[in-house]
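In: coordinates only, sequence not included:
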């Protein structure tokens, strides 16, 4: 009795020695900032002075009335939808092509497609700014090969829907990682399944639909949800690098608007409120996606 | 980022400013208010030397400055040599004062917790990202200098308000910060190119439109601006246009800066906006403008893809590495005035202020009197590539020639020099967005006015 009690205590101590520090870090670096942001979102504060006014939920009321917030929200979900569609389609295609079709050089292409992931987002932004540059940009120069008059489209300066132009760089920069993720998943599928299917006369498409897709669905789900979350929380970077939300807020996303309000227009409280909005929308969307993407788990054995 | 470049331009000048001061006998113990200053040549400009006793902000007379005195200064494009030198001299003049320097490119961020915590430095140079003078005034962080400014004399014994080229901004009639740097917005072109092509350099709006027609016919785009940062076209084109249309009275800009909604509805504003529309509809504005940043627009201009660019006097310095051989900068502060009308110079500046929670306000005021002296002016221009905010003839100094040209404009009685203006950040952002939208034909001038009026009404509520 006594000895087992000691053993139990030691076991608990052992567990605690791993969990408590982690919990402490989690509280200090995640929970505390979130609570602090919630707290600041209730104040009218410039973020620069010792002067703060408690205004309750006024920031949130203002937020609902601010058309730019809605535009930013729309742009965010546009990016989420566009990136999920673009990245998943292309990443899956490349992953299947590089594993199931077994042609030579597949290792080479795998590296090539992964390169954009190694490049810092800052470089991606600058690079695509050059591609889109109306005067010296690659895109206009390329299109001009096929026209009499030189093409002079301002790719990042449309009166509306400029957000579309941020999709290609985001997708381009994202494919590699998810491709690798899916390649790993596909390689885990036992070859015997494909061999059996082959003997039964199933073609590549059938094999994909009935073997690959069900067996890598878990990884796909993770990928989709990960794309969604990183987009809602992180699209700020590419937006800020390329357009700063302009022209006329057509490319504003929640993250960039948060920065704009908190640090450029000195409404730190309002910025914090946008932060809360990002948190809430991310949570809701994640839960919704989990539900939506839920399928019977298929075990491979 | 844009500020950095400006600063780079001006920073150099700062360093030298102080040398002459050192020679002015500030090494005695009488401190800056004492009789030593009149020895400097500039003192002869006005006021008998005797009056200099009251120079130090009218309070410190013969009192020795003691204790700690902390100066926060941002180091950007203008560098920090001037600050180092002026502070060293100030120390020499006040041996009992413990002067603490908080300077650096990140100082605004570093000291932010102290401003938030109510323990700020005594003296602050408001420049660079993270500091906004209007916001600091609204937050009550800087000292009301209205009364002091009315009678303050510099160490030479001159009234400071008399020798400033550009007056401080008034916030509902009160003064909190004093502009230190004088820079001007305006329109640039390449004199050499204009000569070669036989184009006439513009002097007013009619000649500007005329020559733009010719330029366009010759296959060059007349005008490029920086759509990503619309303040270039606003500060160098729209605001002078508004002032000209308002009978050269810049009060309208001050009202706009104070977010008085009615000011934006003035016909003068409409007249200015219509000039942008005219450029747009005649196809004078380079279509690339809307999405590019300042570097891209400036490169385009230097490569003669575009003939005119709205910019600030820091441009030649900023692009010095990329200026092609034979390129000769032409500059005029404004092109939007009627023929024979006054040129309107919209200024760009960085200012200094005293913290409202400063612990040593005496020293801070004495320091203000110390730095706003004529001895500083010519050195500043030499080192920074931008004129200082103190009137004076710099034609004999080593300042770059375009700075001298600009100084000539700014000192000319026929030039309207707009005082320092800082807009409310919310109104300003709406204005930027609207100006961009106007320049690509997304909205009409009426919609511009509507948007900005709404924003102004909202913040002045």
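Out: Noted; the coordinates are in hand. Source: prediction; values computed, not measured.
In: which residue packs closest to residue B:246, ignoring adjacent ones?
Out: residue B:268 (3.8 Å; Cβ to Cβ, 6 or more residues apart in numbering or on different chains). C-beta coordinates here come from the backbone N, C-alpha and C atoms, glycine included.
In: which elements pack onto the helix or strand harbouring the one you found?
Out: Here residue B:268, judged by DSSP states H and E, is contained in helix B:267-281. Counting contacts by 3 or more Cβ pairs under 8 Å, 6 or more residues apart in numbering or on different chains; DSSP states H and E, helix B:267-281 is packed against helix B:205-217, helix B:239-245, helix B:251-257, helix B:425-439, helix B:445-459.
In: tell me which of those sits most buried.
Out: helix B:239-245 (a mean of 26; mean count of other Cβ atoms under 10 Å in any protein chain shown).
In: elements contacting that helix?
Out: helix B:251-257, helix B:267-281, strand B:343-348, strand B:415-418.
In: one step back: starting at the chain centroid, how far to the helix holding residue B:268?
Out: Chain-centre distance of helix B:267-281: 25 Å, with Cα atoms, centre = their mean, to the nearest Å.
In: and the contacts of it?
Out: The contact list for helix B:267-281, computed with Cβ atoms under 8 Å, 6 or more residues apart in numbering or on different chains, reads B:205, B:209, B:212, B:222-223, B:233, B:237-239, B:241-243, B:245-246, B:252, B:256, B:263, B:285, B:336, B:435, B:438-441, B:445, B:448-449.
In: average pLDDT for it?
Out: What helix B:267-281 shows for mean pLDDT is 96.
In: with stretch B:178-186 instead?
Out: Rounded mean pLDDT across stretch B:178-186 is 88.
In: quick one: end-to-end distance for it.
Out: 22 Å (Cα to Cα, to the nearest Å).
In: can you check stretch B:292-306 too?
Out: For stretch B:292-306, the end-to-end distance is 14 Å (Cα to Cα).
In: again with stretch A:203-223
Out: 26 Å.
In: list the buried ones in it?
Out: A:207, A:211, A:212, A:215, A:216, A:217, A:219, A:220, A:221, A:223 (16 or more other Cβ atoms under 10 Å in any protein chain shown).
In: please tell me how far the third one sits from chain B.
Out: If I follow you right, that is residue A:212. 42 Å (Cβ to the nearest Cβ, to the nearest Å).
In: tell me who's in contact with that residue.
Out: A:96, A:100, A:186, A:189.
In: same deal with residue B:177?
Out: Contacts of residue B:177 (Cβ under 8 Å, 6+ apart): B:126, B:133, B:136, B:137, B:142, B:145, B:168, B:169, B:351, B:352, B:353.
In: tell me the phi and psi of it?
Out: Main-chain dihedrals, residue B:177, degrees, to the nearest 10: phi -140, psi 150.
In: got the buried residues of stretch A:203-223 as CSV, with pLDDT and secondary structure columns?
Out: Putting the buried residues of stretch A:203-223 into CSV (pLDDT from 0 to 100; DSSP: H, G, I helix; E, B strand; the rest coil) gives the following:
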residue, pLDDT, secondary structure
A:207, 89, helix
A:211, 89, helix
A:212, 90, helix
A:215, 90, helix
A:216, 91, helix
A:217, 91, helix
A:219, 91, helix
A:220, 93, helix
A:221, 92, helix
A:223, 94, helix
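In: closest to chain B out of these?
Out: Closest approach between these and chain B, by Cβ to the nearest Cβ: residue A:223, at 32.0 Å.
In: just give the closest residue to that closest one, not the sequence neighbours.
Out: That would be residue A:178: by Cβ to Cβ, 6+ apart, it lies 4.8 Å from residue A:223.
In: ok, and the closest non-adjacent residue to residue B:218?
Out: residue B:197 (6.3 Å).
In: the one you found touches residue B:217, doesn't it?
Out: No: using Cβ atoms under 8 Å, residue B:197 is not in contact with residue B:217; the gap is 10.7 Å.
In: in the stretch 151-300 of chain A, where is pLDDT below threshold?
Out: A:297-300 (pLDDT under 70).
In: which bits of it sit near chain B?
Out: A:152, A:154-157, A:159-160, A:243-244, A:246-249, A:260, A:263-267 (Cβ under 8 Å from any Cβ of the partner chain).
In: go again using 7 Å as the cut-off
Out: By the rule Cβ under 7 Å from any Cβ of the partner chain, the part of the stretch 151-300 of chain A lying against chain B is A:152, A:154, A:156-157, A:159, A:244, A:246-249, A:264-266.
In: give me the buried entries from those residues.
Out: Applying 16+ other Cβ under 10 Å to those flags A:154, A:156, A:157, A:244, A:246, A:247, A:248, A:249, A:264, A:265, A:266 as buried.
In: what about the closest residue to chain A within the stretch 151-300 of chain B, distance to residue A:179?
Out: Residue nearest to chain A within the stretch 151-300 of chain B (Cβ to the nearest Cβ): residue B:290, separated by 3.4 Å. Per Cβ to Cβ, to the nearest Å, residue B:290 is found 35 Å from residue A:179.
In: give me the neighbour count for the residue nearest to residue B:218.
Out: Neighbours of residue B:197 under the rule other Cβ atoms under 10 Å in any protein chain shown: 15.
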